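# Sequence below, structure please.
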Amino acid sequence: MHINKFKQLRLVGLGAIICLHGCGGSSSAPVATPTTPTTPTTPTTPENNIKTVTNGNVVFELIFMDKLSLQNNNEKSWSSELQQPYINAANKWLSALTAVEGKALHTIKMKIFVKALAGGNGQAGPDSEEKVGNFLIPTSGELTIGNHTYAEGFDPIEFYANILHEMGHIIGIGSYTEDYTKLDATYKGNVFRVDDSVAVEKYNEIYGTSFNFVPMSDDGGHLYDYVLQEDKKRVLDNGTDIPPLTKEFMANGTVFGAVTLAVLDDIGYQVSYSGTDSYIP
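Sure, this is the predicted structure:
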């Protein structure tokens, strides 16, 4: 199954952090003076468009922004039914990301938009962060899903994998992995390396290899795959192929795979692997 190329976007450091009025059920609108009334410049997000999902240690605050801007100039308000796939995806993530290492409770706010996108099913990235121990962990981010994925006939499995994938970019794949991803001429592309890597262990276990890295995509923002995305095939000088991670959902697949989760294990999260989907490459 082909999934259109996903995009990841890191917004940290590109400008002021946006404060959304109504987040967490409170308002930050300016106070009017007795003689000059003021009007908030940021639209209020209705409280029923903010949903909280938690496992007790990590909280995802899902903020459903604006209306869904669908194809043919059709707009819809966020209903419970339209919000549910995002809540399901958040619950799936939080079944695996059990905690942030070194912090009792951590909240990540995710602003969610649906509108027209060219060249992909979605794009996402963090826009604020904090340092916890040795790692940067996101505190908020923005996620946009292409409105063509709401068209009749679009594959529901692909639709759900798309949401999981874009949340993964906010959480850290392609954003906070960049500090550990380097171009390696010997291995013909980008590789992810940390000391005592769980991701390397999982990759070698699943793919029958003995590398000291996890291959990352040519753009550095995804797991390596030349089958469903535009990476160049990597063959070592001795003729050995570097196996692509085609089925993993942080490549372009639909499998909630152990390598993806182990990369996050390596960069500051506590991870449970009990809910991962086993697969044969």
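# which stretches of the stretch 1-150 of the chain form helices?
Ranges of helices within the stretch 1-150 of the chain are 80-96, based on DSSP state H, counting those that start in this stretch.
# In it, where is pLDDT below threshold?
Residues of the stretch 1-150 of the chain meeting the criterion pLDDT under 70: 1-45.
# Just confirm residue 129 contacts residue 137, I think it does.
Yes. The pair residue 129 and residue 137 qualifies as a contact (Cβ atoms under 8 Å) at a distance of 6.4 Å. All C-beta spots, glycine's among them, are computed from the backbone N, C-alpha and C.
# shared neighbours, these two?
Taking Cβ atoms under 8 Å, 6 or more residues apart in numbering as the contact criterion, the residues that touch both residue 129 and residue 137 are residue 176.
# ok, those two, which is more surrounded?
Using other Cβ atoms under 10 Å as the criterion, residue 129 and residue 137 rank with residue 137 on top: 23 against 20.
# SS state for the residue most central in space within the chain?
Note on the chain: the residue nearest the mean C-alpha position is residue 168, at 2.1 Å, using Cα atoms, centre = their mean. Three-state assignment for residue 168 (DSSP: H, G, I helix; E, B strand; the rest coil): helix.
# Distance from stretch 50-68 to the middle of the chain?
With Cα atoms, centre = their mean, to the nearest Å as the basis, stretch 50-68 stands 14 Å off its chain's centre.
# For it, output the C-alpha coordinates as PDB.
Output in PDB follows, covering the C-alpha atoms of stretch 50-68 (Å, rounded to 0.1, in the frame of the first residue of the first chain):
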ATOM      1  CA  ILE A  50     -10.100  20.400  23.400                       C
ATOM      2  CA  LYS A  51      -9.700  16.700  24.300                       C
ATOM      3  CA  THR A  52      -7.200  15.300  26.800                       C
ATOM      4  CA  VAL A  53      -5.800  11.800  26.500                       C
ATOM      5  CA  THR A  54      -3.500  10.500  29.200                       C
ATOM      6  CA  ASN A  55      -1.900   7.300  30.600                       C
ATOM      7  CA  GLY A  56      -1.200   9.000  33.900                       C
ATOM      8  CA  ASN A  57       2.400  10.000  33.100                       C
ATOM      9  CA  VAL A  58       2.100  11.600  29.600                       C
ATOM     10  CA  VAL A  59      -0.800  13.800  28.500                       C
ATOM     11  CA  PHE A  60      -1.700  14.700  24.900                       C
ATOM     12  CA  GLU A  61      -3.900  17.800  24.800                       C
ATOM     13  CA  LEU A  62      -5.600  17.700  21.400                       C
ATOM     14  CA  ILE A  63      -6.800  21.100  20.200                       C
ATOM     15  CA  PHE A  64      -9.000  20.900  17.200                       C
ATOM     16  CA  MET A  65      -8.500  24.200  15.400                       C
ATOM     17  CA  ASP A  66     -11.000  26.100  13.200                       C
ATOM     18  CA  LYS A  67     -13.300  24.100  11.100                       C
ATOM     19  CA  LEU A  68     -12.300  21.300   8.800                       C
END
